[in-house]
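**Student:** For reference, the sequence and a predicted model appear below.
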Amino acid sequence: MTRTVENEHEHEYDVVVLGAGPVGENVVDRVRAAGLTAAIVEAELLGGECSYWACMPSKALLRPVLARSDARKVPGLRGAVHGPLDALDVFAHRDETVGHWKDDGQVDWLDSIGVRVYRGHGRLSGPRRVTVEGPEGDRHALTARHAVAVCTGSRAVLPPLPGLAGARPWTSREATSSDRVPGRLIVVGGGVVGVEMATAWHALGSHVTLLVRGDGLLPRMEPFVGERVAEALRARGADVLTGASVEAVVRDGGSGPVTVVLEGGDTVEGDEVLFATGRAPRTEDVGLETVGLEPGSWLDVDDSLRVTGSDWLYAVGDVNHRALLTHQGKYQARIAGAAIAARAAGDTLEDAAPWGSHAATADHAAVPQVVFCDPEAAAVGLSLAEAERAGHRVRAVDVEMSSVAGAGLYAHGYRGRARMVVDLEREVLLGATFVGPAVGELLHAATVAVTAEVPVSRLWHAVPSYPTLGEVWLRLLEAYRDGAGTV
Ligand SMILES: Cc1cc2nc3c(=O)[nH]c(=O)nc-3n(C[C@H](O)[C@H](O)[C@H](O)COP(=O)(O)OP(=O)(O)OC[C@H]3O[C@@H](n4cnc5c(N)ncnc54)[C@H](O)[C@@H]3O)c2cc1C
Ligand SMILES: NC(=O)c1ccc[n+]([C@@H]2O[C@H](COP(=O)([O-])OP(=O)(O)OC[C@H]3O[C@@H](n4cnc5c(N)ncnc54)[C@H](O)[C@@H]3O)[C@@H](O)[C@H]2O)c1
């Protein structure tokens, strides 16, 4: 239904989605497939952070880096991949991957599934109501018969350091979209963005100094992962400084070299500085105050992704802070879409029990993540420390991946390590972690084992092909059986 009142257009849909990142797009896709009408509101580009300034451009920058690194370890190929990366060619591939920061393809797709797109900044304006301010000053008042889903994602956080605001630091946006290789790049933060971007820009030709406040890289994974990744970065010539806390940033006039001042007074000079220090929810200006919620907060949800205390408001993807990953947000979107459709049809959500089709249970038990650094890192479920903190009686076994025939064939002198964490009560896997070339492709088997709670006794019957990296599973099971490699 559409009605025009002076300059404000009023429209009614079954579902209104705020934010057309990968997650918002999947929510509308699912509710449309269930026969509901839907509108989606986007302030920038349809496709969101992931498509233009996060997953896609970062992986386009990293793919040549990892391919070159692997090829250099394959006998007969070393000479063929001797020289530096062709940065301009890499940038051209990155630009093509992100559709040159144009979203025509997304517009066509949303059009083809019958979703109405509103361009502009959207805000809640009371229960089930959203107001959109368009780029030309046009305003639209949208009413949702059944549900509003906030899928507005997250943005980079800059710490409140003296001099930082005027120093024009890079965030993940500049680090993924720059077409200039800085001579010296300082990276602050040893999390996923810091490590991936340090890897990419070092390989593209920057001298990288990675400043890590804590004592290691990738602190959410098993400690051996960060150790191997730091060792490899250092071996390639990057500086990795741990226990390095930034106190101030100096860049006179906002241009020229930038100086980072560390606690204790040491300084590091660079041509650019990237702050990869975490994310904040994009909820400061989405009208949360009109529905009794705190602007700028992460939105708490139940397992059907419905905001705590509401019967019509959903928060899906980064904005709920359950797992800041595209694949996990899209999983939530499938669950939320099914739950919204079931509730709209008057169903009682009988499938809301753990692992049911209306419960995002995997968010608690089995979130997979691949970090595309060199060597790659991949993990799912609980680390040993997390499992122990959660009170499980566990045993972890480690194996060196060089013990696998497929590893030696994949790359000469292959170095990697794998760990599985076994729940001793039920003899099922709670988590698995891998570090080494190409281990990202090993992860889904681990995700299936953790999610399906496959007993260790049955895993013996899942025979990995010879000679692949997958044979690491056999080594892990043997180590567990023989009591070897126990951590
Ligand atoms: C550098 C980097 C690399 C990453 N790499 C990976 C990776 O390899 N794999 C992975 O799984 N994850 C990766 N991530 C995480 C991933 O980008 C996010 O988890 C994902 O983008 C979240 O999707 P989303 O739809 O929730 O939010 P977003 O992608 O942030 O989309 C939200 C959308 O909402 C819009 N919006 C916000 N407010 C409003 C408003 N008021 N009105 C209208 N529209 C609004 C925004 O413009 C945006 O388009 C990476 C993140 C970064 C920073
Ligand atoms: N391949 C992938 O899956 C991928 C790639 C990139 C990003 N992501 C997602 O994006 C999210 C954001 O990544 P991120 O790296 O920005 O966040 P993060 O939370 O992973 O890491 C931020 C790091 O910065 C440190 N830090 C915070 N404040 C600091 C300060 N003032 N000084 C120094 N260090 C400080 C933190 O201790 C932390 O280690 C992650 O949760 C991740 O899941 C995923």
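**Tutor:** Happy to help now that I have it. Ligands and ions are numbered 1, 2, ... in the order given.
**Student:** measure the nearest residue to V454 once chain neighbours are set aside to G485 for me?
**Tutor:** Nearest residue to V454 in three dimensions, chain neighbours excluded: V428, at 6.6 Å (Cβ to Cβ, 6 or more residues apart in numbering). For the C-beta atoms, the positions are set from N, CA and C on the backbone; glycine is no exception. Remark: distance between V428 and G485 (Cβ to Cβ, to the nearest Å) = 19 Å.
**Student:** what does V371 give?
**Tutor:** Distance from V371 to G485, by Cβ to Cβ: 23 Å.
**Student:** The two: which has the busier surroundings?
**Tutor:** Taking other Cβ atoms under 10 Å, V371 and G485 do not tie; V371 has more neighbours (25 against 19).
**Student:** and that one, what does it touch?
**Tutor:** V192, V195, E196, L218, M221, V229, A377, A378 (Cβ atoms under 8 Å, 6 or more residues apart in numbering).
**Student:** W355 and T361 touch, don't they?
**Tutor:** Yes. Using Cβ atoms under 8 Å as the test, W355 is close enough to T361 to be in contact (4.9 Å).
**Student:** tell me which element L274 falls in.
**Tutor:** strand 272-275 (DSSP states H and E).
**Student:** packing partners for that strand?
**Tutor:** Contact partners of strand 272-275 among helices and strands, from 3 or more Cβ pairs under 8 Å, 6 or more residues apart in numbering; DSSP states H and E: helix 172-177, strand 184-188, strand 258-262.
**Student:** Could I get these in a markdown table, plus columns for mean neighbour count, distance to A390 and mean pLDDT?
**Tutor:** Output for those, formatted as a markdown table (neighbours: other Cβ atoms under 10 Å; distance: least, Cβ to Cβ, whole Å; pLDDT from 0 to 100):
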| stretch | mean neighbour count | distance to A390 | mean pLDDT |
| --- | --- | --- | --- |
| helix 172-177 | 21 | 31 | 98 |
| strand 184-188 | 26 | 31 | 98 |
| strand 258-262 | 20 | 36 | 98 |
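**Student:** who in the stretch 151-300 of the chain is up against ligand 2?
**Tutor:** Those residues of the stretch 151-300 of the chain that sit near ligand 2, judged by Cβ under 6 Å from any ligand atom, are 159, 188-194, 196, 213-214, 219, 246, 276-279.
**Student:** Now list the buried members of those residues.
**Tutor:** For these, a burial check counting by 16 or more other Cβ atoms under 10 Å picks out 188-194, 196, 213, 246, 276-277, 279.
**Student:** which of the residues you listed sit farthest apart?
**Tutor:** Put simply, by Cβ to Cβ the two of those set farthest apart are E196 and V246, 19.6 Å from each other.
**Student:** Could you list the low-pLDDT ranges of the stretch 201-350 of the chain?
**Tutor:** Residue ranges of the stretch 201-350 of the chain with pLDDT under 70: none are present.
**Student:** can you pull out the strands in it?
**Tutor:** Counting by DSSP state E, counting those that start in this stretch, the stretch 201-350 of the chain has strands at residues 207-211, 239-241, 246-250, 258-262, 267-270, 272-275, 279-281, 313-315.
**Student:** who's in contact with V74?
**Tutor:** A411, H412.
**Student:** Just the mean pLDDT for stretch 467-475, thanks.
**Tutor:** Per-region confidence: stretch 467-475 scores 98 on mean pLDDT.
**Student:** go on, stretch 32-43?
**Tutor:** Mean predicted lDDT for stretch 32-43 stands at 98.
**Student:** buried ones in it?
**Tutor:** Applying 16+ other Cβ under 10 Å to stretch 32-43 flags R32, A34, L36, T37, A38, A39, I40, V41, E42, A43 as buried.
**Student:** now, which of those lie within helices?
**Tutor:** Applying DSSP state H to those, the entries found in helices are R32.
**Student:** Need the buried residues of stretch 32-43 in TSV (columns: distance to ligand 1).
**Tutor:** Below are the buried residues of stretch 32-43 laid out as TSV (distance: Cβ to the nearest ligand atom, whole Å):
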residue	distance to ligand 1
R32	17
A34	20
L36	20
T37	19
A38	15
A39	12
I40	9
V41	5
E42	5
A43	4
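**Student:** what about P22, how many residues close to it?
**Tutor:** Neighbours of P22 (other Cβ under 10 Å): 23.
**Student:** Same question for the one 4 residues further on.
**Tutor:** Other residues within reach of N26 by the criterion other Cβ under 10 Å amount to 23.
**Student:** so which strand or helix has it?
**Tutor:** Going by DSSP H and E, N26 is part of helix 22-33.
**Student:** likewise E388?
**Tutor:** According to DSSP H and E, E388 maps onto helix 384-389.
**Student:** can I get the CA coordinates of the next helix or strand after that helix in PDB?
**Tutor:** Heading C-terminal from helix 384-389, the first helix or strand you meet, by DSSP H and E, is strand 394-400. Taking Å, rounded to 0.1, in the frame of the first residue of the first chain, the C-alpha atoms of strand 394-400 are listed here in PDB:
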ATOM      1  CA  VAL A 394      38.700 -32.000  27.900                       C
ATOM      2  CA  ARG A 395      41.800 -33.400  26.300                       C
ATOM      3  CA  ALA A 396      43.500 -31.500  23.500                       C
ATOM      4  CA  VAL A 397      45.900 -33.200  21.100                       C
ATOM      5  CA  ASP A 398      48.300 -31.500  18.700                       C
ATOM      6  CA  VAL A 399      50.100 -32.800  15.600                       C
ATOM      7  CA  GLU A 400      52.600 -31.200  13.300                       C
END
